[in-house]
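Colleague: coordinates only, sequence not included:
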């Protein structure tokens, strides 16, 4: 999904480049086993628009550089490393602001060329990345194991039961931290007779 941009091969007036964007998720998980649910992150409000420049160096597993307006000062763009699990609604937007270009360029910004993105996305590459991330599969956790299963993920929403290595697992809980499965079936509801 792209924001309102001209169709076809037209280049809008004032366009400085394309960028992958996402919003900070309404609920983010923290703490042991993801039981601490927060609204937004420490640095960005829930729903805040973050601009994701192409990766120059890897900040760590599941993390990415992002440029956005800080929770404490909504006037300036800041460059932070965020967890990808804290982001949703990936899409492509055009860059029109020199201040945003300065934030996306970071240390590579050239004051002699203030309207030039140093490491730009192509619109097609950013759209492919957004589509892949929006169809992201949920991590699968099995009761008694603190980490997600390394080889298996489940669709969103997850199935009530799955079979792994000949064993049937039952969905115990599902939230922003992924799908948690248990070896014991859920309790059956008792319905009183007439």
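Modeller: Nice, thanks for sending it over. Predicted model only: the values in this text are computed from it and were never measured.
Colleague: Quick check, central residue of the protein?
Modeller: Closest to where the C-alpha atoms of the chain average out (C-alpha atoms, centre = their mean) is residue 87, at 2.9 Å.
Colleague: Let me see the confidence value for that residue.
Modeller: pLDDT for residue 87: 87.
Colleague: Numbering from 25 from now on, please.
Modeller: Yes, from this point I'll number from 25; that puts the last item at residue 111.
Colleague: for it, phi and psi?
Modeller: With angles defined as degrees, to the nearest 10, residue 111 sits at phi -120, psi 150.
Colleague: So in terms of bridging, what pairs with it?
Modeller: residue 48 (DSSP bridges).
Colleague: pretty sure it contacts residue 74?
Modeller: Yes - counting by C-beta atoms under 8 Å, residue 74 is a contact partner of residue 111 at 6.6 Å. For every residue, glycine as well, the C-beta is placed using N, CA and C.
Colleague: Common neighbours of these two, please.
Modeller: 46, 47, 48, 90 (C-beta atoms under 8 Å, 6 or more residues apart in numbering).
Colleague: What is the most widely separated pair among the residues you listed?
Modeller: 47 and 90 (10.9 Å; C-beta to C-beta).
Colleague: The two - which one has more neighbours?
Modeller: When residue 47 and residue 90 are compared for neighbours, residue 90 comes out ahead with 29 against 19, by other C-beta atoms under 10 Å.
Colleague: can you pull up the bridge partners for that one?
Modeller: Here residue 90, judged by DSSP bridges, has bridge partners residue 104.
Colleague: Against residue 44, how distant is it?
Modeller: Remark: distance between residue 90 and residue 44 (C-beta to C-beta, to the nearest Å) = 10 Å.
Colleague: Identify the contacts common to these two.
Modeller: 75, 76.
Colleague: quick one: buried residues of the longest helix belonging to the chain?
Modeller: What stands out as the longest helix in the chain, according to DSSP state H, is helix 147-158. Across helix 147-158, burial judged by 16 or more other C-beta atoms under 10 Å covers 150, 151, 153, 154, 157.
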